[in-house]
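J.: what's the 3D shape of this:
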Amino acid sequence: MLRALLLALACLAAAPAAAQTTAAEAQAQAARASRALSMLWRPVTSLTNEQITRACTGAEEEIEAVEAAMPPVLTTESLANVRALWGLLVIPTGDPAIAYFFPDMSLPWLTPGLGAIGVVNEAEGFIGVQDAAGREVAVQIGTAGGRGVMRLRDPEGQLLTFVACAPTWGL
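T.: Residues are numbered from 1 along each chain as shown. Take a look at the predicted model:
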């Protein structure tokens, strides 16, 4: 399923043959994508300093709270009950193509747990994500005002915008 999403997005933004990546470059792209995604993302409706500050208040404490709530044995079933308090928490693993995704309750269509990451177009910031249930989500990562910004579409087609509030790659 993730392959189909990646193929479809790649066809939309096809690169010339000279721009095709080697295995080492693909691994490096996956590592950069994983690091870019590995954050606590909070939803925003605008990118004003006031809204970003309000959205990111308490982000580090939330990461600690979710870590404390992690079950002692990590299984698909036990991880399905772990949720972020507000936004989307992405925690990397040792494999840059795999991460833990913990959405809040406002994202019920995104299944918590281990998911996959695939780079679609690094220059444009397009990343393919597959949640723990296999749902594919196209994500775009960028910056605005020096702050990481993520955009994705929900199943109804609504564009959701999130701001990067706290990194998780050091956990």
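J.: Could you use CA atoms for every contact and neighbour count after this?
T.: Will do.
J.: Go ahead and confirm Gly115 touches Ala132.
T.: Yes: assessed by Cα atoms under 8 Å, Gly115 is found in contact with Ala132 at 4.9 Å.
J.: Please identify the buried residues of the helix ranked longest in the chain?
T.: As assigned by DSSP state H, the longest helix anywhere in the chain is helix 23-37. Counting neighbours by 16 or more other Cα atoms under 10 Å, one finds that the buried residues in helix 23-37 are 27, 29-31, 33-37.
J.: So what's the model's average confidence on the helix or strand following that helix?
T.: Counting by DSSP states H and E, the next helix or strand C-terminal to helix 23-37 is strand 39-43. In this model, strand 39-43 has an average pLDDT of 97.
J.: In the helix or strand just after strand 39-43, which residues are buried?
T.: Next in sequence after strand 39-43, counting helices and strands by DSSP H and E, comes helix 49-56. Neighbour-count burial for helix 49-56, with 16+ other Cα under 10 Å as criterion, is recorded at 52, 55-56.
J.: if you average pLDDT over helix 49-56, what comes out?
T.: 92.
J.: Which other helices and strands does whatever helix or strand comes next after that helix contact?
T.: Beyond helix 49-56 in the direction of the C-terminus, DSSP H and E gives the next helix or strand as helix 59-69. The contact analysis (3 or more Cα pairs under 8 Å, 6 or more residues apart in numbering; DSSP states H and E) places helix 59-69 against strand 159-167.
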